[in-house]
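Engineer: Sequence and computational prediction follow.
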Amino acid sequence: CLATCNLNQWALDFEGNLKRIVESIKIAKEKGSTYRVGPELEIPGYGCEDHFLELDTVTHSWEALASLIESGVTKDILCDVGMPVIHRGVMYNCRVLIYGNNVLLIRPKLHLANDGNYREPRYFATWKREGEAEPHALPANLVAVCGGQRETTFGDAVLCADDALIAPETCEELFTPRAPHIDLALQGVEVISNGSGSHHQLRKLSQRLDLIKNATAKAGGVYLYANQRGCDGGRLYYDGCACIAVNGEIVAQGAQFGLKDVEVVTATVDLDQVVSYRCAVSSLREQASCTTKPRPQVRISPPFSLTSPSPFTSPAAAAAVALAASAVEGSAQPIKPYVPLPEEEIAYGPASWLWDYLRRSGGSGYLVPLSGGADSAATAAIVAAMCQLVVEAVAAGDVQVAADMRRIGNYGTDEVLDSDPKQFANRIFVTLYMGTVNSSAETRRRSESLAGEIGAYHLSFAIDSVVSAIVSLFQVVTGKLPRFRAHGGSGAENLALQNIQARCRMVLAFLMAQLVNWCRGRPGFLLVLGSANVDECLRGYLTKYDCSSADINPIGAISKEDLRRFLVWGSKALGLPSLMSVVEAEPTAELEPFEEGRKPQNDEDDMGVSYPDLSIFGRLRKIQRLGPVGMARHCIALWKDRMSPSAAAAKVKHFFTYYAINRHKATVITPAYHAESYSPDDNRFDHRPFLYNVRWPWQYKQIDQIAAEAEARLAKDKL
């Protein structure tokens with residue numbers, strides 16, 4: 001019986017991380033497992049970032065490892081844990097394999113992640129001597145708890161048990177073109193583990209599961225995948241889904257989302273099936289027989305077997321292992337992996353991230369300015385999903401979630417926790433409708449209706465007096481009174497008056513977040529949630545330091561189109577029927593006065609581009625790495641049946657002009673849950689200048705030429 005796990009680790013929380021590691025090992029042993037694999041860098045937490053450059057982080061990791069061994073929990077089970085290790089003056093991202101109080105092998109990562117959200121070479125080096133290993137001196141505190149063991153093996157080696165060969169790889173190595181698991185399988189390694197720190201991204205799970213299955217489909221074997229699950233201190237949500245694959249089939253799978261800090265996934269596997277699978281493939285036999293330099297092997301001591309207890313195993317553990325071994329004839333069978341809908345991912349990924357952020361920040365709840373529009377409604381619906389997850393977890397007996405719920409919800413010591421998500425929401429979730437003379441009765445009604453369905457503590461009030469005070473002050477200082485375009489004002493006046501309303505809402509939202517609990521006789525503070533979607537952030541269609549400025553944003557990397565689909569799904573799945581009326585409404589900021597005979601303010605009209613087209617631009621810019629000229633060529637071909645080449649070129653130029661004008665806003669965008677591969681997050685994911693030549697003279701000249709040539713070809717074809 002083999003075990004892998006999802007752990008909700010937290011960067012630099014050595015005490016909490018160690019506690020969760022210990023619990024996972026105990027559960028694995030209770031289930032009769034002889035081998036347990038944990039996530040990447042699970043001891044310090046994957047998201048330490050520049051803290052990895054501090055020697056304290058490495059020192060504390062060794063201290064935690066010593067405590068783990070000293071606790072005795074590693075007795076009778078082979079454990080694979082992740083931590084940074086300095087070897088000969090170089091820091092590596094390592095797997096440390098221990099059995100009892102013996103450190104058997106330290107295996108450094110061979111291939112580091114260095115794109116998108118990952119910057120591993122900033123802290124670590126790769127082990128470049130493939131298939132080589134050498135001695136590594138253990139620190140004094142390890143020597144003390146390891147029975148005088150002074151050194152171990154460091155490098156690219158495999159472990160030799162009495163009945164199988166075992167080898168680890170780490171996260172990115174699963175995704176590399178020449179993945180280590182292929183060579184390992186050809187060298188006869190039956191069991192391969194992968195301790196990972198892989199984040200959630202919409203529609204990414206299928207790719208990961210395919211890679212895990214393919215890892216053993218070509219060359220046979222058992223593959224154990226472990227991952228973090230939760231928010232460990234940043235924008236990423238590590239989405240678990242620990243699983244076990246045998247000969248190209250998933251036989252066990254953990255949850256992708258959830259509030260449980262520790263989830264252990266086990267499966268009883270028949271190693272003879274691996275041998276049989278490999279012997280049946282002619283090409284595999286031929287390639288395996290050509291292996292000339294197998295990796296060094298480290299014999300596990302005391303004697304160890306995956307399929308039966310060692311003579312040193314305690315009676316209780318021996319009984320559990322024997323029970324698992326007796327079930328080989330009923331060993332784990334292939335299952336159909338569960339891959340959630342994108343709408344489910346939007347609901348439960350950010351909801352789980354919000355819960356982790358709330359409980360770890362010390363906050364007492366969330367506050368959302370609820371405008372009655374799609375974006376703020378989606379944010380509110382995600383908080384509703386969070387409340388539902390919390391209540392479900394408590395009902396299922398999760399002690400940690402119950403303790404967090406009691407503290408955050410300010411329940412008395414003997415007070416019964418709410419079993420209704422709406423009642424819990426009323427304690428920890430505040431929504432505000434901050435209207436002006438430009439607001440409509442429809443948006444007010446939608447916000448009140450949705451807040452009621454969620455159970456939020458809802459406040460509705462007008463902010464005209466605050467806006468008027470600021471405009472009056474401006475008039476006193478300058479002697480000028482700005483007017484809306486509808487009242488004869490210029491474009492500059494019109495935009496400034498819109499921005500005042502938006503910025504007043506931000507100031508009032510933070511004021512309310514600090515004091516609403518005080519008004520309700522409750523302790524603590526609320527965190528303000530932002531509601532700008534990824535397309536608006538990309539285009540810059542937001543006011544700097546308005547309600548897009550918040551503590552965190554659960555939808556900042558989700559497209560408008562995905563949010564619309566989520567709202568439709570959530571109207572039924574989350575029990576929030578008011579979401580349908582939000583979906584059916586025109587997207588509008590309601591910042592300008594209604595003008596008789598003129599179409600009401602509309603977001604897509606204001607931007608000069610539709611949300612679906614913005615998603616296309618975002619993917620072309622980031623995922624396909626196209627600049628203005630490359631994008632123009634692509635869009636002229638893509639939209640040939642929809643518009644003329646000149647119109648397509650003008651649309652691309654319009655996008656890049658406003659992208660360049662507004663890129664500076666990306667530098668202060670609220671930290672957002674990372675969910676989309678074309679996120680414009682300036683902090684870590686999308687590194688670009690924020691001062692551009694917005695005229696793009698060289699590029700636009702070429703675009704005009706390309707469009708003219710395309711128009712000429714079309715005219716010629718018509719003749």
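Structural biologist: Done, it's in. Residues are numbered from 1 along each chain as shown.

Engineer: just the helices in the stretch 351-500 of the chain please.
Structural biologist: 374-395, 399-408, 421-428, 441-454, 464-478, 491-519 (DSSP state H, counting those that start in this stretch).

Engineer: and among these, the most buried is which?
Structural biologist: Of all the helices of the stretch 351-500 of the chain, helix 374-395 has the most neighbours on average by mean count of other CB atoms under 10 Å, namely a mean of 25. Glycine gets a C-beta too; all of them are placed from N, C-alpha and C.

Engineer: okay, the angle between that helix and helix 399-408?
Structural biologist: Relative orientation of helix 374-395 with respect to helix 399-408: 120 degrees, computed using axes from the mean of the first three to the mean of the last three CA atoms, to 10 degrees.

Engineer: Can you name every helix or strand that helix 374-395 contacts?
Structural biologist: Applying 3 or more CB pairs under 8 Å, 6 or more residues apart in numbering; DSSP states H and E, we find helix 374-395 packed against helix 342-361, strand 366-369, helix 399-408, helix 421-428, strand 429-435, helix 441-454, helix 560-573, helix 578-584.

Engineer: Quick one: these as JSON lines, columns for mean pLDDT too.
Structural biologist: Below are those laid out as JSON lines (pLDDT from 0 to 100):
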{"stretch": "helix 342-361", "mean pLDDT": "97"}
{"stretch": "strand 366-369", "mean pLDDT": "98"}
{"stretch": "helix 399-408", "mean pLDDT": "98"}
{"stretch": "helix 421-428", "mean pLDDT": "98"}
{"stretch": "strand 429-435", "mean pLDDT": "97"}
{"stretch": "helix 441-454", "mean pLDDT": "97"}
{"stretch": "helix 560-573", "mean pLDDT": "97"}
{"stretch": "helix 578-584", "mean pLDDT": "95"}
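
Engineer: Identify the residues contacting the closest residue to G372 other than its chain neighbours.
Structural biologist: Residue nearest to G372 in three dimensions, not counting chain neighbours: T443, with 3.1 Å by CB to CB, 6 or more residues apart in numbering. Each residue near T443 by CB atoms under 8 Å, 6 or more residues apart in numbering is listed here: 371-373, 433, 435, 585, 590.

Engineer: follow-up on the earlier one: looking at the helices and strands packed on helix 374-395, which is closest to F617?
Structural biologist: Nearest to F617, of all the helices and strands packed on helix 374-395, is helix 560-573, at 12.5 Å by CB to CB.

Engineer: Mind listing what's buried along the closest one?
Structural biologist: Across helix 560-573, burial judged by 16 or more other CB atoms under 10 Å covers 560, 562-571, 573.

Engineer: How about stretch 657-668?
Structural biologist: Applying 16+ other CB under 10 Å to stretch 657-668 flags 657-660, 662-663, 665-666 as buried.

Engineer: Start and end of it, how far apart?
Structural biologist: This stretch, stretch 657-668, spans 20 Å end to end (CA to CA, to the nearest Å).

Engineer: so how far is that stretch from its chain's centroid?
Structural biologist: Distance, stretch centre to chain centre, for stretch 657-668: 24 Å (CA atoms, centre = their mean, to the nearest Å).

Engineer: thinking again about what came up before, turn the contacts of T443 into JSON lines, columns for neighbour count and distance to E263.
Structural biologist: As requested, the contacts of T443 are arranged in JSON lines below (neighbours: other CB atoms under 10 Å; distance: CB to CB, whole Å):
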{"residue": "S371", "neighbour count": "26", "distance to E263": "37"}
{"residue": "G372", "neighbour count": "26", "distance to E263": "38"}
{"residue": "G373", "neighbour count": "20", "distance to E263": "37"}
{"residue": "Y433", "neighbour count": "22", "distance to E263": "39"}
{"residue": "G435", "neighbour count": "22", "distance to E263": "45"}
{"residue": "A585", "neighbour count": "16", "distance to E263": "40"}
{"residue": "E590", "neighbour count": "21", "distance to E263": "44"}
